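S.K.: got a sequence here, can you model it:
(one chain, ligands or ions: 1)
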Amino acid sequence: MNNIKTMLDELKLIVGAERVFSYNEQKNEGQSRNPIAIIFPGTTTEISYIMKFCYSNNLKVTVKGGGSSVNGGVLSCGSDIVLSLERLNNIIEVNKFERIVTTEAGVVTENLKNEVEKHGLSFPQNISSAGMSFIGGNIAIRSGSPKSFKYGTMANYILNLEVVLPDGQIIWTGKNVKKDSAGYNLTQLFTGSEGTLGIITKAVIKLTPLKKEWLFFIPFNSVTHMYDFINEVLVIGLNPSSIEFLDTKGFELVSNYLKDGRISINKSFCIWMEFETDFWQTDLPELEIMNRLIAKYSNNNALFAESSREKEDLWKYRNKIGEACLDYAEFVDYDFSIPFLASQHIYERIIKILDEHHFEGIIVGHIGDGNFHINVFRDKNLTQDQWKSKIERCFMIITSLIIDFGGSVPGEHGVGYLNKKYFNLSVGEKQKQLMKEIKKILDPKSILNFDKIF
Ligand SMILES: Cc1cc2nc3c(=O)[nH]c(=O)nc-3n(C[C@H](O)[C@H](O)[C@H](O)COP(=O)(O)OP(=O)(O)OC[C@H]3O[C@@H](n4cnc5c(N)ncnc54)[C@H](O)[C@@H]3O)c2cc1C
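M.R.: Residues are numbered from 1 along each chain as shown. Got it, this is the predicted structure:
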């Protein structure tokens, strides 16, 4: 069945005509990257019918969650259909006794977080894009967040997934039990598969008891003081839930963007260090020892926040950096992870490489778990093509450096379409071959998220 109109009519029969938005068919004869249509199913069964239809007609499908990913993973490959999960937006059950939530994949992450908190539980991730990303997208990318330092990434909290396979079959990847040694871990296989192996339609997610959070904001006069401080915190056995970093330029940008100059960091480097206690505790046991370490390493402008208002006021300088960069100039983002012990050396080498390339940029990151983002701003003296290729050369040099020191690229933003070249360097040949074989078994016609990752 090759006729586009006939195909769209079939899809309309499955989801209803009002749920299929077609693009200009003339443009879609394989010449552009526009999809044939975007389609909004409302149930797993509809998605299964759609996939059965697409599989038997060799029609490619690109999966879309909240669309907030920064790797081009939701870009149409051209002449495909884009399948939006936004109508799968029900939180099915919060189970207080088991400490799990069962949810559809199209629930906005922040809504899930707020809902479980009403039950005295916590979804232990605070992804900065929580207001726009979907829980299914977070799982598909294996996203991280400031709290990954203590809790790991999304991968550590997924218990079971309902998935529609490329040929339309529906499976559950496991059971709703916290211990399960029955064979390979299919749940982890689909977590982070970026929509290339199947469409996640429901998820069972582990929760933790609600915690009280305490926040330090600590500027340092030098990178060495900052690393020495973090090292000592970790070596003496303190257990922060987040350790976040922003460089001087980044802090200036975000202060200007927020039009809020209340905090001055005086050309220093700053971190946010968060601790958690049980919610009934009225003070932080680590306070005294933290004050002593801060006095030893910092320049005495540290702040401590306890009330929600105070914490929000401090966190906003970290959380709004993406928006501040977008507001400042066009930029390209690069994302990597490095073992903590190599991190100071890598940080200093990267600054040098960026300087040698005369790039203006900022470095921000989850310093505790060695995951950093570099945002490089557009050089207006270069054409778009010159700038892009110069950046790519620079990022390839950085990628080689990171791999030499045992790191990984990308760190938390997924491969998608734009990070393929770095992924290619980062992952070994045999690993890649195994990944491709898994893809072939599950999607032999390569219809799902075609040209993503590989
Ligand atoms: C301002 C800002 C802040 C951000 N902060 C963070 C952060 O703190 N941590 C972090 O890790 N990332 C962050 N990101 C990146 C992005 O928000 C995350 O990668 C997020 O998890 C993507 O979710 P989404 O629902 O928007 O996915 P989408 O962008 O819609 O999709 C992402 C990928 O997953 C696939 N996919 C989506 N849903 C499904 C599904 N149900 N089944 C199978 N495949 C699917 C898509 O095909 C695509 O390849 C940020 C981005 C922005 C713009």
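
S.K.: just give the nearest non-adjacent residue to the closest residue to the ligand within the chain, would you?
M.R.: The chain approaches the ligand most closely through G137 (1.9 Å), counting by Cβ to the nearest ligand atom. For the C-beta atoms, the positions are set from N, CA and C on the backbone; glycine is no exception. Nearest residue to G137, sequence neighbours excluded (Cβ to Cβ, 6 or more residues apart in numbering): G65, at 2.9 Å.

S.K.: what about the longest helix that the chain contains, distance to the chain center?
M.R.: Longest helix of the chain, by residue count under DSSP state H: helix 384-404. Its chain's C-alpha centre and that of helix 384-404 lie 21 Å apart, by Cα atoms, centre = their mean, to the nearest Å.

S.K.: same question, stretch 70-86
M.R.: 17 Å.

S.K.: and for stretch 124-142?
M.R.: For stretch 124-142, the distance to the chain centre is 6 Å (Cα atoms, centre = their mean).

S.K.: can you check stretch 165-182 too?
M.R.: 23 Å.

S.K.: same question for it: list its buried residues.
M.R.: L165, P166, D167, G168, I170, T173, G174 (16 or more other Cβ atoms under 10 Å).

S.K.: what's the first-to-last distance across it?
M.R.: Using Cα to Cα, to the nearest Å, the end-to-end distance of stretch 165-182 comes out at 21 Å.

S.K.: can you tell me what sits against that stretch?
M.R.: 44-45, 48-53, 55, 61, 98, 100, 102, 159-164, 185-187, 189-190, 197-198, 201, 204, 206, 442-443, 445, 447-448 (Cβ atoms under 8 Å, 6 or more residues apart in numbering).

S.K.: touching the ligand at all, it?
M.R.: No: using Cβ under 6 Å from any ligand atom, stretch 165-182 stays clear of the ligand, coming no nearer than 11.1 Å.

S.K.: for the record, mean pLDDT for that stretch?
M.R.: For stretch 165-182, the mean per-residue pLDDT is 96.

S.K.: ok, the residue nearest to G137 touching G106?
M.R.: Yes: G65 is in contact with G106 according to Cβ atoms under 8 Å; the separation is 7.0 Å.

S.K.: of all the residues in the stretch 201-350 of the chain, which ones are close to the ligand?
M.R.: So far as Cβ under 6 Å from any ligand atom goes, the stretch 201-350 of the chain lies against the ligand at G322.

S.K.: buried stuff in the longest helix of the chain?
M.R.: So, applying 16+ other Cβ under 10 Å, buried residues of helix 384-404: W387, K390, I391, C394, F395, I398, T399, L401, I402, I403.

S.K.: again, but for stretch 445-453
M.R.: I447, L448, N449, F450, D451, K452, I453.

S.K.: can you tell me the SS state at L434?
M.R.: helix (DSSP: H, G, I helix; E, B strand; the rest coil).

S.K.: any idea how far it is from D443?
M.R.: 15 Å (Cβ to Cβ, to the nearest Å).

S.K.: the two: who's more crowded?
M.R.: D443 (19 against 11; other Cβ atoms under 10 Å).

S.K.: which residues sit in contact with the more buried one?
M.R.: So D443 contacts L165, P166, T196, L197 (Cβ under 8 Å, 6+ apart).

S.K.: widest-spaced pair of the residues you listed?
M.R.: L165 and T196 (11.7 Å; Cβ to Cβ).

S.K.: M132 against G66, yeah?
M.R.: Yes: using Cβ under 8 Å as the test, M132 is close enough to G66 to be in contact (5.0 Å).

S.K.: which one's more surrounded, the two?
M.R.: Counted by other Cβ under 10 Å, M132 and G66 do not tie: G66 has more neighbours, with 23 against 15.

S.K.: now do the SS call for the more buried one.
M.R.: Per three-state DSSP, G66 ends up coil.

S.K.: just the pLDDT at it, thanks.
M.R.: So G66 comes in at 98 (pLDDT).

S.K.: on that earlier part again, I'd like the buried residues of helix 384-404 laid out as a markdown table, including distance to the ligand and pLDDT.
M.R.: As requested, the buried residues of helix 384-404 are exported to a markdown table (distance: Cβ to the nearest ligand atom, whole Å; pLDDT from 0 to 100):
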| residue | distance to the ligand | pLDDT |
| --- | --- | --- |
| W387 | 21 | 92 |
| K390 | 24 | 94 |
| I391 | 19 | 95 |
| C394 | 22 | 96 |
| F395 | 18 | 97 |
| I398 | 19 | 97 |
| T399 | 19 | 97 |
| L401 | 22 | 97 |
| I402 | 18 | 97 |
| I403 | 21 | 96 |
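
S.K.: and the helices in the stretch 101-250 of the chain?
M.R.: 109-118, 135-141, 148-151, 186-190, 223-235, 248-258 (DSSP state H, counting those that start in this stretch).

S.K.: nearest to T282, out of the ones you listed?
M.R.: Here helix 109-118 is closest among the helices of the stretch 101-250 of the chain (Cβ to Cβ), at 19.9 Å.

S.K.: and the closest one, how far out from the chain middle?
M.R.: On Cα atoms, centre = their mean, the centre of helix 109-118 falls 18 Å from the chain's centre.

S.K.: what packs against it?
M.R.: strand 91-95, strand 100-104, helix 135-141 (3 or more Cβ pairs under 8 Å, 6 or more residues apart in numbering; DSSP states H and E).

S.K.: and the residue lying closest to P124 once chain neighbours are set aside, how many neighbours?
M.R.: Among residues not flanking P124 along the chain, Y151 sits closest, at 4.3 Å (Cβ to Cβ, 6+ apart). Y151 has 22 neighbours, counted by other Cβ under 10 Å.

S.K.: so what's Y151 up against?
M.R.: P124, Q125, Y157, T208, S241 are the contacts of Y151 under Cβ under 8 Å, 6+ apart.

S.K.: okay, now the domains of this protein?
M.R.: 4-84, 91-209, 211-322, 329-430 (automatic domain parsing).

S.K.: winner for burial among those domains?
M.R.: Across the domains of the chain, the average number of neighbours (mean count of other Cβ atoms under 10 Å) peaks for domain 91-209, which reaches a mean of 20.
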